[in-house]
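Peer 1: sequence and predicted model, in that order:
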Amino acid sequence: MRVRNPQDLLAGLVLVGVALVALWAAGSLSQGRLGAVGPGMMPRATAVLVGAVGALVVLSAFVAPGPRLERWSVRGPFFVCLALVAFAVTIRWMGLLVAGPLVAVISSAASPETRIKEILVFGIAVTAFSIALFKYLLNLPIPVLVIPGVIVL
Amino acid sequence: MKKAMMVLTALAFGLASVALAAYPERPITMIVPFAAGGPTDITARIVGEHMSRTLGQQIVIENVAGAGGTTGISRAAASTADGYTIMMGHMGTHGAAPAVYPNLKYNPTKDFEPVGLAAGTPILVVTRKDFPANDLKGFVAHVKANGPKLNEAHAGVGSVSHTTCTLLHSILGVQPNRVAYRGTGPALNDLVAGQVDYMCDQIVNLTPQIQGGTIKALAIATAERSPALPNVPTTKEAGLPEFQVSAWNAIFAPRGTPKDVVARLNDALVKALDDANTRKRLLDLGGDVPDRAGRSPDALAKLVQSEVARWAKVFKQVGGAK
Amino acid sequence: MEGLVGNLTLGFATALSWQNLGLAFIGCLVGTLVGVLPGVGPIATITMLLPITFGIDPVGALIMLAGIYYGAQYGGSTTAILVNIPGEATAVVTTLDGHQMARQGRAGVALGIAALGSFFAGCVATLVIAGLAQPLTRLALLFGPAEYFSLMVMGLAFAVVLARGPILKAIGMILVGVLLSTVGTDLDTGEERLTFGYGPLADGIDFAVLAMGIFGFAEVIRNLDYQETRSVVVRAIGRILPSLADLARSAAPILRGTLVGATLGILPGNGAVLGPFASYTLEKRLARDPSRFGRGAIEGVAGPESANNAGAQTSFIPLLTLGIPPNAVMALMVGAMTIHGIVPGPMVMTKNPTLFWGMIASMWIGNLMLLVINLPLIGLWVKFLTVPYRLMYPAILVFSCIGIYSVRNAPEDVIFTAVFAIVGYALIKLGFEAAPLLLGYVLGRLMEENLRRALSIARGDLMTFVARPVSAGLLAVAVIVLVAAVVPAVRKGREEAFKEE
């Protein structure tokens, strides 16, 4: 039997994997009875269904033709995620004034079209605009600049 | 050398006292561990507004909802004890929480500096319009006879409606079916629609429905009738004096907050509770404002201790929080 | 009838005061802004601006806050169309065809139809509230947990129809969405589920985090992959505004969408969220060529957007007539009213007619203002699309990070978004669609809660779902919709399999 749809094969396997993880995570939850449905019933039932669908998808990968697996790029996801993590880490300890441009600059590394000077200026401009917008116009409590022990704006 | 040390020490004291005298120098964050618009949130905003004026700095309300209020309180308890982060806790978060949540991340009696009681809201027992009893005695009889067949609505484990009805059930010795809702709104909706039989909740949420006739109020669990609902008897009058409970709200600061800061906050709180306008708004909500004696940090500390003990007993009697 | 005219006159007199007009304008403006910005939603904004309303009279305060709420609906569609990021749960459906239209250079048309459709829906909904509020409330009270469960099941059936591609994978995605919605603290017992003991997950996964990650950021990553087939503006921008032909095509969907949205919005317990899905499904079923849907069919924007706005307006009904807030935003309104000394309840209509009718009149005015604000903005948004992508995506990321952070003041949320970004990217590579997952997530939680509640009240009797007429009817619709969707797909699948043999 040839694999006619590599994409679906992987897709189905991923679904089955998700179902298995969910079933494992819901292991200790009580099932309850119909009159008092426990917290475990819904997650387990759904996980089983997900697994079933996954199995069907795997089967269909042998039956109907479909697209091949595409290449996964690394640069894009890596830098975007790094930027997000950088934001999460610096927002409370250093404030938006640092976190904002950091996100802009780090994420710009994901694109080959980036020009360093341009993104630096743009990042600071966008951050300044966001501060005016989120903090002053919308009154959201976002730390703008934090130098530990000295000031918290 | 000695002289230098003396000068430095004097300087340090001087700076410290200047720093303390200058409190507050910037806005203070008050964490409200519930969604905006609810009774605790409204109380916090009303009281906080006046306190801002006394302190000369804005009190900014930050809502951190979740897990019956314990998420917000946990976060507040762990924050820096410099007086710039305080919280509005209540009967649930600082009374019943240890009994309801086995993995609670804080200790209500140890991890906080009590500032003072703000306002409490009395609890009412209400039923759907067509409930086969028109007074508390009839209700008690009906519940004792039909316990497991009845449906009680509450706003989720750890909420005021859940905790207070647990007390009621433990007093009556009954085990009706408890139906959980995501908040008072949906619970009240189903009560009005007649899908469930009764509920225990704060007066704030219930008054308009009672006045509109969509639900029946059987009793109010305080010593005196509420001016907002003069026709509703107290539980004492109606024959169930053991059911006395009020959803008190109080301000706390994290443990280690300097005593002077706590004193200043308490002072601002007391002034707010004395202010005619603030009192009126709180009373209009049906809340009750504590008297002079009950407003000190010590009175609050005592209350927290007695509440924790009380709810521990209640929940043990009922066999856990379900 | 006389009473209605008299009341409306009172209402308009109230709403047309300079102060109230100004407040409505501010509310709508802020609301649009908030809707456009990812992450930040009307709830956060209303909460933040609540203190500012202390100095204003209650009617004015409520007019402004209400403006923020339905303004956000307009704004949420804008980002859904322009950058494929649904600002609110109700905007997810708009991304399906709205964004495709943007890719074809028809962003202006999509935005225009969304605005016009919403305005029409708003007008009709206002009339509905004015005339039918009381009887409709009685209808809403018929819905108990069993009916809501069946409604949600029906919604899930609709979600299957929404899918562009293979139905089986769409069903898989919906189920995964439902699974994700179970993460968090169990309502009944307080136990933590599927959280792996990790604290910040105790309250579940926030919608904004999921949507931003799987839709927004995954899209950004995907665009960085392909320089050529960039998602934003492939062809030159054509018309800025809808043509007569577009309007003609959209007329019927707008009417139907309004009807559907207005009806569902009345149901307390967030019935309004179903409006756009129901409308989309309806349009796809009624269209002569359903394959156009998901590829830029204007009906797929006109209908859902009207449903969206109609639902947002009629969701005020349970609040104004019963005093019971149907969703979190309305709960805030209750809070706002209470702070101002007005206690919302069954008697507001009679005890406080200025408030009731003033709000209704102001809603209509607000809709007009939103149209006036949004139509000229379309030109601006379309220009925005011409910014080079290497600058646009960092800007999107910065705004989104701030928006996500502001939801719970939790940096962990931003990290979750990063995780979901990778997940979203994987989904794209594996040929899955993200929209059904989001829909499953939104409906899953509501469905489970109501299932357990209904079974609790019925003491475990499964027949309760079929014994109650309304519930049975909704389930029947769900079954029909599912069968109608699945059967042709199975048949086609068989043909393909046999063809290869």
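Peer 2: On my side now, so go ahead.
Peer 1: which residues sit against stretch A:84-96?
Peer 2: Residues from elsewhere that reach stretch A:84-96, judged by CB atoms under 8 Å, 6 or more residues apart in numbering or on different chains: A:98-100, A:102-103, A:106, A:127, A:130-131, A:135, A:142-146, A:148, A:153, C:217, C:397, C:401-402, C:405, C:411-412, C:414-415, C:417-418, C:421. No exception for glycine: its C-beta is placed from N, CA and C like everyone else's.
Peer 1: what about 6 Å?
Peer 2: For stretch A:84-96, contacts defined as CB atoms under 6 Å, 6 or more residues apart in numbering or on different chains pick out A:98-99, A:102-103, A:106, A:131, A:142-146, C:401, C:405, C:411, C:414-415, C:418.
Peer 1: buried ones among those?
Peer 2: A:98-99, A:102-103, A:106, A:131, A:142-144, A:146, C:401, C:405, C:411, C:414-415, C:418 (16 or more other CB atoms under 10 Å in any protein chain shown).
Peer 1: ok, so of those residues, who is nearest residue C:304?
Peer 2: Using CB to CB, residue C:401 comes nearest to residue C:304 of the buried ones among the contacts of stretch A:84-96, at 28.3 Å.
Peer 1: dihedrals phi and psi, that closest one?
Peer 2: Dihedral angles of residue C:401 (phi, psi; degrees, to the nearest 10) stand at phi -60, psi -50.
Peer 1: same check, this time on residue A:136
Peer 2: phi -90, psi -40.
Peer 1: and the pLDDT for it?
Peer 2: pLDDT recorded at residue A:136 is 79.
Peer 1: before we move on, what about residue C:456?
Peer 2: pLDDT, residue C:456: 86.
Peer 1: before we move on, back to that, looking at the buried ones among the contacts of stretch A:84-96, which gets the smallest pLDDT?
Peer 2: Among the buried ones among the contacts of stretch A:84-96, residue A:146 carries the lowest pLDDT, at 74.
Peer 1: beta partners for that one?
Peer 2: residue A:152 (DSSP bridges).
Peer 1: not counting residues beside it along the chain, what's closest to residue B:99?
Peer 2: Leaving aside its chain neighbours, residue B:99 sits nearest to residue B:315 (3.9 Å; criterion: CB to CB, 6 or more residues apart in numbering or on different chains).
Peer 1: if we can go back for a sec, sitting in helices, which of the contacts of stretch A:84-96 do you find?
Peer 2: A:98, A:99, A:102, A:103, A:106, C:401, C:405, C:411, C:414, C:415, C:418 (DSSP state H).
Peer 1: so the fourth one versus residue C:396, what's the distance?
Peer 2: It stands for residue A:103. 10 Å (CB to CB, to the nearest Å).
Peer 1: pretty sure residue A:15 is touching residue A:54, no?
Peer 2: Yes: Residue A:15 is within contact range of residue A:54, at 2.9 Å (criterion: CB atoms under 6 Å).
Peer 1: any chance you could map the helices in chain A?
Peer 2: Counting by DSSP H, the helices of chain A are A:6-25, A:41-60, A:75-94, A:96-108, A:116-130.
Peer 1: give the contact list for the residue in chain A that chain B sits nearest to.
Peer 2: Proximity of chain A to chain B (CB to the nearest CB) peaks at residue A:141, 6.3 Å away. Residues in contact with residue A:141 (CB under 6 Å, 6+ apart): none are found.
Peer 1: swap in 10 Å and give it another go.
Peer 2: The neighbourhood of residue A:141, defined by CB atoms under 10 Å, 6 or more residues apart in numbering or on different chains, consists of A:134, A:135, B:27, B:29, B:60, B:61, B:62, C:48, C:406, C:409.
Peer 1: of those residues, closest to residue B:84?
Peer 2: residue B:29 (6.5 Å).
Peer 1: who touches residue 126 in this structure?
Peer 2: The chain I'm using is chain A. By CB under 10 Å, 6+ apart, the contact set of residue A:126 is A:100, A:101, A:103, A:104, A:119, C:391, C:394, C:395, C:396, C:397, C:398, C:399.
Peer 1: wait, chain C
Peer 2: Each residue near residue C:126 by CB under 10 Å, 6+ apart is listed here: C:8, C:11, C:310, C:313-314, C:316, C:359-367.
Peer 1: how many neighbours does the residue in the stretch 101-250 of chain B positioned nearest to chain C have?
Peer 2: Closest to chain C within the stretch 101-250 of chain B is residue B:208: 2.2 Å, counting by CB to the nearest CB. By other CB atoms under 10 Å in any protein chain shown, 24 other residues sit near residue B:208.
Peer 1: picking that back up, out of the contacts of residue A:126, which touch chain B?
Peer 2: For chain B, no contacts are drawn from those by CB under 10 Å from any CB of the partner chain.
Peer 1: which of the residues you listed are buried?
Peer 2: A:100, A:101, A:103, A:104, A:119, C:391, C:394, C:395, C:396, C:397, C:398, C:399.
Peer 1: can you list those in CSV and add distance to residue C:426?
Peer 2: Below are the buried ones among the contacts of residue A:126 laid out as CSV (distance: CB to CB, whole Å):
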residue, distance to residue C:426
A:100, 28
A:101, 29
A:103, 22
A:104, 25
A:119, 27
C:391, 27
C:394, 23
C:395, 25
C:396, 20
C:397, 19
C:398, 24
C:399, 24
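Peer 1: may I have the phi/psi pair for residue B:117?
Peer 2: phi -70, psi 140.
Peer 1: and it, what are its bridge partners?
Peer 2: Beta-bridge partners, per DSSP bridges, of residue B:117: residue B:250.
Peer 1: residues in contact with it?
Peer 2: Applying CB under 10 Å, 6+ apart, the residues near residue B:117 are B:248-251, B:269, B:273, B:289-291, B:294-297, B:299-300, B:303.
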